[in-house]
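> Quick one: sequence and predicted model below, then my questions.
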Amino acid sequence: MGRGRGRLNVESLVPGFRPARGLESEVCADPELLEGLAWGRPRRGHPEGAVGKHVADLCRTIDLWGGPAQRRADLRLIALVHDAFKGQVQYTRSRTGDNHHAMRARRFAERYTADERLLATIELHDAPYAIWKRLRRKGGRGNHALTRLLARIPDRDLFMRFVELDASTEGKDSEPVKWFRGELDRRGGPVEEG
């Protein structure tokens, strides 16, 4: 399983991370998640390499941000799962639907929680960037795609906070996040600001 690394554990894959009791601890013991956290090499948008190193960066930022304990727990769980299934994507096929890493992450998370706030954030976390990128390529405002996205998000504050968190790491462009926050503000979106 660990390609010569011995038994995988979350502490070795996510430097500085210690799982909290309960749901987070259960998720962190799942071999499928651990394999996903071990996957990756330095690449555009992720110069840190393995997914677990990216998650470690996110968890350090969550600690720095502080905030209510439940919000931190939600962000940590999302961070652990959101990119852990990139290694299962078949890159010779279109990366949509069940062949998208975020949908695979959602399906994994559904085994542990029915909380749609968490599930939608995991599944849709890259959607603002994809919409922004399409708009830059083709022009226009993208009202239809953005409207459809917003209709699927039950907790806009949590979603926006995670989008900001995920974009806070080295190698990420902050422009799509600024655009998305502006669109949310224009449409009566979240009030919590990072």
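That came through, no problem. Numbers count the residues shown, from 1 in each chain.
> what residue ranges in this structure are flagged as low confidence?
Residue ranges of the chain with pLDDT under 70: 1-6, 45-46, 140-142, 189-194.
> at 80 what do you get?
Applying pLDDT under 80 to the chain picks out residues 1-7, 42-49, 92, 94-97, 138-143, 189-194.
> got a list of what the residue nearest to the spatial centre of the chain touches?
With distances taken as CA atoms, centre = their mean, residue 82 lies nearest the centre of the chain, 3.6 Å away. Residue 82 sits next to 102, 105, 121, 122, 125, 162, 166 when contact means CB atoms under 8 Å, 6 or more residues apart in numbering. No exception for glycine: its C-beta is placed from N, CA and C like everyone else's.
> From these, pick the one nearest residue 65.
When those are ranked by distance to residue 65 (CB to CB), residue 162 comes first, at 11.4 Å.
> gap between that closest one and residue 56?
Note on residue 162: its distance to residue 56, by CB to CB, to the nearest Å, is 16 Å.
> Please apply the same query to residue 133.
Residue 133 is 27 Å from residue 56, by CB to CB.
> Which of the two has more residues huddled nearby?
Using other CB atoms under 10 Å, the more surrounded residue of residue 133 and residue 56 is residue 56, with 20 against 13.
> Tell me how far that one lies from residue 79.
Look at residue 56 and residue 79: by CB to CB, they are 9 Å apart.
> next one: residue 144
In terms of CB to CB, residue 144 sits 30 Å off from residue 79.
> So which of these two has more stuff around it?
A direct count of neighbours by other CB under 10 Å for residue 144 and residue 79 places residue 79 higher, at 25 against 10.
> Which positions within stretch 7-21 qualify as buried?
8, 10, 12, 13, 14, 17, 19 (16 or more other CB atoms under 10 Å).
> Residues touching that stretch, excluding its own?
Stretch 7-21 has contacts (CB under 8 Å, 6+ apart) with 1-2, 5, 25, 27-29, 31, 33-35, 37-38, 50, 52-53, 55-56, 59-60, 73, 76, 80.
> Recalculate using a threshold of 6 Å.
Contact with stretch 7-21 is made by 2, 25, 28, 34, 37, 38, 52, 55, 56, 59, as judged by CB atoms under 6 Å, 6 or more residues apart in numbering.
> Narrow those residues to just the buried residues.
Taking 16+ other CB under 10 Å as the criterion, what is buried in the contacts of stretch 7-21 is 28, 34, 37, 38, 52, 55, 56, 59.
> Mind giving me the packing neighbours of the helix or strand harbouring the last one?
Take DSSP states H and E as the rule and residue 59 turns out to sit in helix 51-65. Using 3 or more CB pairs under 6 Å, 6 or more residues apart in numbering; DSSP states H and E as the contact test, the elements touching helix 51-65 are helix 69-82.
> how much distance is there from whatever helix or strand comes next after the helix it packs on to the middle of the chain?
Of the helices and strands lying after helix 69-82 in sequence (DSSP H and E), the nearest is helix 101-110. Centroid separation between helix 101-110 and its chain, computed with CA atoms, centre = their mean, to the nearest Å, is 10 Å.
> All good on my end, thank you.
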